[in-house]
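Peer 1: one predicted model, sequence on top.
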Amino acid sequence: MNAHRFFHCLGEPTRLYAMLLLHDRGELCVCELVAALEQSQPKVSRHLAQLRHCELLADERRGQWVYYRLHPGLPAWTLGVLEQAVEAESAALAVMRQRLGCATGLPGSSGRGALACG
């Protein structure tokens, strides 16, 4: 992974924020990313496919859900960049975390956070 390819792959806000959420949370399913990013499922899935093609993400199907995580082979310097970006985008990520907490009907959600989101 070279810097040009890494930054090129993150050059769109949906892809960047998906990567930051995954860095922050470790693993999320597509439906959780759709909720957090407030984007349509086809759009999020298309960007996730691009990130997989860039070898930035790994995925795993579990029943009807597809879960994503950062690719385990990412060089350490890319993780450092993502960590700094998480800090720089902390306000935007806080809003996305809130959306995740409000989402219901997601795998493992069982209405988590629904009362706080009323």
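Peer 2: Yep, that arrived. Numbers count the residues shown, from 1 in each chain.
Peer 1: pretty sure residue 74 sits against residue 57.
Peer 2: No - assessed by C-beta atoms under 8 Å, residue 74 is found out of contact with residue 57, at 9.4 Å. Heads up, the C-betas are built off the backbone N, CA and C, glycines and all.
Peer 1: and these two? Which one has more around it.
Peer 2: residue 57 (22 against 19; other C-beta atoms under 10 Å).
Peer 1: element containing the residue nearest to that one when sequence neighbours are not counted?
Peer 2: With sequence-adjacent residues excluded and distances taken as C-beta to C-beta, 6 or more residues apart in numbering, residue 57 is closest to residue 51, at 4.4 Å. According to DSSP states H and E, residue 51 maps onto helix 41-53.
Peer 1: who touches that helix?
Peer 2: 9, 12, 14-15, 18-19, 30-31, 33-34, 37, 57-59, 68 (C-beta atoms under 8 Å, 6 or more residues apart in numbering).
Peer 1: report the buried residues of that helix.
Peer 2: 44, 47, 48, 50, 51 (16 or more other C-beta atoms under 10 Å).
Peer 1: need the contact list for the residue nearest the centre of the chain.
Peer 2: Nearest to the mean C-alpha position of the chain, by C-alpha atoms, centre = their mean, lies residue 18 at 2.9 Å. Neighbouring residues of residue 18 by C-beta under 8 Å, 6+ apart: 33, 37, 44, 47, 48, 51, 68.
Peer 1: and the one helix or strand it maps to, which residues are buried?
Peer 2: Here residue 18, judged by DSSP H and E, is contained in helix 13-25. By neighbour count on 16+ other C-beta under 10 Å, the buried set for helix 13-25 is 14, 15, 16, 17, 18, 19, 20, 21, 22, 23, 24, 25.
Peer 1: closest to residue 89 among these?
Peer 2: residue 20 (6.0 Å; C-beta to C-beta).
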